[in-house]
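Undergrad: Next comes the sequence, and after it the predicted model I'd like to discuss.
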Amino acid sequence: MLKACGIDLTRLRRDVEAASATEPTTGLGHLLQLAFNEAQLSERTVVTGADMLVELFAEPVGRFLSAQGATRYDALVYLSHGIAKGVAADVEADRGEAAYLELVLLNDPYTPSEFVTFVLENVLGMSRERAIAIVFSTHARKRGSCGIFPRTEAAAFREKIQNLAAARQHPLRCVLLPAGGAPARDRPSPN
């Protein structure tokens, strides 16, 4: 995971060893508690070593990672979707000429359900009930359809969602899939 975040492991080892003689380190129990709290917020029941690595970014030792340009967000995106830092994500699965595209959310274990609900309500204008139904569907099926939109509208929604998620440091991702030539009247209503 550290390499995927752009970390030079040799430099990291050198920096940590040089500082360890003079600075206290984060206790394992404290780090485990941070990872457990984050897991609870994301409605997960298991804490992994990767979760603990992500929480290092919030600790003083995280400055060694930050000094190399890595962020907590980089780690979460890699853990959730396998997208390494500096690699362009394939956020538009459709490369064709379909007039309409389906906007599909991809599930991840780190984005809180409350945030996804907020995004669906505020970006797509969905009712709370519809947004919650999509959140549950996304969680159960690992992906959830937000509806079918004209190509430019779908791309604009995807960009707004990705930007909002990145600004809030959540690894939420969505893709655009071809939906054929569905006329506007057949599109699902966001409410």
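TA: Now that the structure is in, tell me what you want to look at. The structure displayed is predicted, hence computed values, not measured ones.
Undergrad: which stretches of this structure form helices?
TA: According to DSSP state H, the chain carries its helices in the segments 9-20, 28-41, 49-55, 62-66, 72-81, 113-123, 128-141, 151-167.
Undergrad: Can you pull out the low-pLDDT segments for the protein?
TA: Scanning the chain for pLDDT under 70 picks out 20-28, 86-95, 180-191.
Undergrad: Work out which residue lies at the spatial centre of it.
TA: Against the mean C-alpha coordinate of the chain, by Cα atoms, centre = their mean, the closest residue is residue 171 at 0.9 Å.
Undergrad: ok, that one - contacts?
TA: Counting by Cβ atoms under 8 Å, 6 or more residues apart in numbering, residue 171 makes contact with 73, 76-77, 79-81, 108, 110-111, 165. For glycine as for every other residue, the C-beta is placed from the backbone atoms N, C-alpha and C.
Undergrad: Which members of those are the farthest-apart pair?
TA: With distances taken as Cβ to Cβ, the most widely separated pair in these is 79 and 165, at 14.6 Å.
Undergrad: How many neighbouring residues does the residue nearest to residue 128 when sequence neighbours are not counted have?
TA: Nearest residue to residue 128 in three dimensions, chain neighbours excluded: residue 121, at 6.2 Å (Cβ to Cβ, 6 or more residues apart in numbering). When neighbours are defined as other Cβ atoms under 10 Å, residue 121 has 16 of them.
Undergrad: Renumber starting at 32 from here on
TA: That works, and once the first residue is 32, the last one we named lands at residue 152.
Undergrad: can you pull the contacts of residue 152?
TA: By Cβ under 8 Å, 6+ apart, the residues touching residue 152 are 158-159, 162.
Undergrad: Residue 179 versus that one, what's the distance?
TA: Distance of residue 152 to residue 179, computed by Cβ to Cβ, to the nearest Å: 19 Å.
Undergrad: No more questions from me, cheers.
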